[in-house]
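# coordinates only, sequence not included:
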């Protein structure tokens, strides 16, 4: 894993070969909807494991078939996964497979295709955001407008510890999130070259929501 973004190491580009292989498969225009969904779920598992590698543990007494022992278990309340609708749902399945006891917050944000501004239309979250790690999920960090809007909302609702996982990021989106929320670390599989005039990541993989849901 390669970390950048200065001394704070707030950007983590996860270069695991299995992630990079699956990402290349997803980029291909010929990748079918079922395959795209399956690959996103698999990448979510791997990215999630990287982003949550420092979760605290505590010893608990258990009994193996041979004897008693103190075994490590996750300490405290489980994280909350917060997918940005709709494309973030494609990430959620893999993350819940990784940590089924996690809570889920849903954030509905759509991007105006003319202005590229983000507009919230739905928000539903557990009441104890302030007490738990919140992991924002969105496959594409393009302009960063949706991510910033979602992070704004989560903080208004009390979230204090937030991480952001995305599949692909553009330099422009990373910079936007850094400026608006410098305390939120980002995990991604790749940082692509640029945004085009429509706000799409290049070379990218197209519209992740359309490719997940076949629209």
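Perfect, thanks for sending it. Predicted model only: the values in this text are computed from it and were never measured.
# what lines up beside the helix or strand where residue 81 lies in the sheet?
Secondary-structure assignment from DSSP states H and E places residue 81 in strand 80-85. With DSSP bridges as the test, strand 80-85 is paired with strand 103-104 (parallel), strand 106-111 (parallel), strand 133-137 (parallel).
# what comes up buried for the helix or strand following it?
As assigned by DSSP H and E, the chain's next helix or strand after strand 80-85 is helix 89-98. Judged by neighbour count using 16 or more other CB atoms under 10 Å, the buried positions of helix 89-98 are 89-96, 98. Where you see a C-beta, it was placed from the backbone N, CA and C, and this is true even at glycine.
# what do you get for stretch 52-63?
residue 52.
# Ends of that stretch, what's the gap?
27 Å (CA to CA, to the nearest Å).
# Report the rounded mean pLDDT for that stretch.
Confidence for stretch 52-63, expressed as mean pLDDT, is 94.
# And it, how far out from the chain middle?
Here stretch 52-63 is found 23 Å from its chain centre; the criterion is CA atoms, centre = their mean, to the nearest Å.
# Which residues does it contact?
If you take CB atoms under 8 Å, 6 or more residues apart in numbering as the criterion, stretch 52-63 is touched by 68-76, 79, 98-99, 133, 135.
# Tell me where this protein has helices.
In the chain, helices defined by DSSP state H lie at 17-27, 33-51, 89-98, 145-156, 171-180, 208-213, listed in chain order.
# I'd like the ones you listed as TSV, with distance to residue 108 appended.
Rendered in TSV, the data for the helices of the chain read as follows (distance: least, CB to CB, whole Å):
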stretch	distance to residue 108
helix 17-27	24
helix 33-51	19
helix 89-98	11
helix 145-156	10
helix 171-180	19
helix 208-213	12
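# closest to residue 11 out of those?
helix 171-180 (6.3 Å; CB to CB).
# contacting residues around that closest one?
Contacting residues not belonging to helix 171-180 are listed as 5, 10-11, 141-145, 147-148, 151-152, 164, 184, 186, 191, 193-195 [CB under 8 Å, 6+ apart].
# Report the buried members of these.
For these, a neighbour count by 16+ other CB under 10 Å gives the buried set as 10-11, 141-145, 147-148, 151, 164, 184, 186, 191, 195.
# and these, which of them are in strands?
Counted as lying in strands by DSSP state E, out of those, are 11, 141, 164, 186, 191, 195.
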